[in-house]
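**Student:** Structure, please.
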Amino acid sequence: MLFISRAGLVDAERVELKIFSTIERGPMDKVNGIVVHQTGGSSAESAFSSYRHKGANGAHFLIDKDGTIYQTASLYRVANHVGKLQSRCISTKVCSPEEFKSSHELRNKYTQLSRREHKKKFPERYPSNFDSIGIEIVGGIVLEDGESSIYEDVNANQNASLQWLVRELSETLHVSMQEVYRHPDVSYKVKTEAKTAKWN
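**Tutor:** Sure, this is the predicted structure:
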């Protein structure tokens, strides 16, 4: 179990605090999921540099190539890391016929579909910016090709840190391990993002 301060900061030997208020939004009252990402840049510093800009997007944690875990946002604050939500009922094939029809009509209208998903209560939708913790893993794109771009592999040090962090967050925040996702599983992102990330 993690000790989390009243400010939402983790007190653990394996976590270094490097908080960027620029990526924090409003309060987050409930955590329903964890979303695992990979950075576009190949260093922690490139991510930190982007986080320094007012209104930047970012996640709550960043895992460097040597396995160092940085906490970059309070666990009690929203961070914009998910983007537009996919339809959970279509992905899991549990839509009612009416829901399937209306979602299918919006299949290439990502913004409209995401807005509709956000109106649903969890767990009818995937965890979003407003109720999930984001974990970035440093790992640049090795082949640029739009949605088919290829990310570099997550290394053993990073996966060891990811496994520890996900387990601790899951236990401390009472998040089911079934609600831990790779970014492209819940949003419209490069399909290979975090493909080699392992947390089980």
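**Student:** Name the surrounding residues that touch the longest helix along the chain.
**Tutor:** Longest helix in the chain by number of residues (criterion: DSSP state H): helix 156-173. Outside of helix 156-173, the residues that reach it under the criterion Cβ atoms under 8 Å, 6 or more residues apart in numbering are 1-2, 4, 12, 14-15, 31, 34, 36, 61, 63-69, 75, 133, 135, 137-139, 154, 175-177, 180, 196-200. All C-beta spots, glycine's among them, are computed from the backbone N, C-alpha and C.
**Student:** The protein: strands as residue ranges?
**Tutor:** Counting by DSSP state E, the chain has strands at residues 3-4, 10-11, 15-17, 24-27, 33-38, 61-63, 69-71, 77-79, 132-137, 141-143, 150-151, 180-182.
**Student:** re the thing from before, which members of the contacts of helix 156-173 are classed as buried?
**Tutor:** 4, 15, 31, 34, 36, 61, 63-65, 67-69, 75, 133, 135, 137-139, 154, 175, 180, 196-197, 199 (16 or more other Cβ atoms under 10 Å).
**Student:** Tyr188 contacts Tyr110, correct?
**Tutor:** Yes. If you go by Cβ atoms under 8 Å, Tyr188 and Tyr110 touch, sitting 5.5 Å apart.
**Student:** what do the two both touch?
**Tutor:** Residues touching both Tyr188 and Tyr110 (Cβ under 8 Å, 6+ apart): Lys84.
**Student:** for Leu9, what are its contacts?
**Tutor:** Going by Cβ under 8 Å, 6+ apart, Leu9 touches Leu17, Ile19, Gln71, Ser74, Leu75.
**Student:** May I see those residues organised as CSV, with pLDDT added?
**Tutor:** Output for the contacts of Leu9, formatted as CSV (pLDDT from 0 to 100):
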residue, pLDDT
Leu17, 98
Ile19, 98
Gln71, 99
Ser74, 98
Leu75, 98
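**Student:** Any chance of JSON lines for those residues, columns distance to Leu162?
**Tutor:** Compiled in JSON lines, the contacts of Leu9 are given as follows (distance: Cβ to Cβ, whole Å):
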{"residue": "Leu17", "distance to Leu162": "18"}
{"residue": "Ile19", "distance to Leu162": "20"}
{"residue": "Gln71", "distance to Leu162": "14"}
{"residue": "Ser74", "distance to Leu162": "20"}
{"residue": "Leu75", "distance to Leu162": "17"}
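**Student:** just curious, which of these is nearest to His53?
**Tutor:** Distances from His53 to the contacts of Leu9, taken as Cβ to Cβ, are shortest for Ile19 (15.1 Å).
**Student:** tell me the contacts of that closest one?
**Tutor:** By Cβ under 8 Å, 6+ apart, the residues touching Ile19 are Leu9, Gln71, Thr72, Ala73, Ser74.
**Student:** Max pairwise distance over those: which two?
**Tutor:** Among these, the pair separated by the greatest distance (Cβ to Cβ) is Leu9 and Thr72, at 10.9 Å.
**Student:** how much distance is there from the helix or strand of the chain with the lowest mean pLDDT to the middle of the chain?
**Tutor:** In the chain, no helix or strand scores lower on mean pLDDT, DSSP states H and E than helix 97-105, which sits at a mean of 83. With Cα atoms, centre = their mean, to the nearest Å as the basis, helix 97-105 stands 27 Å off its chain's centre.
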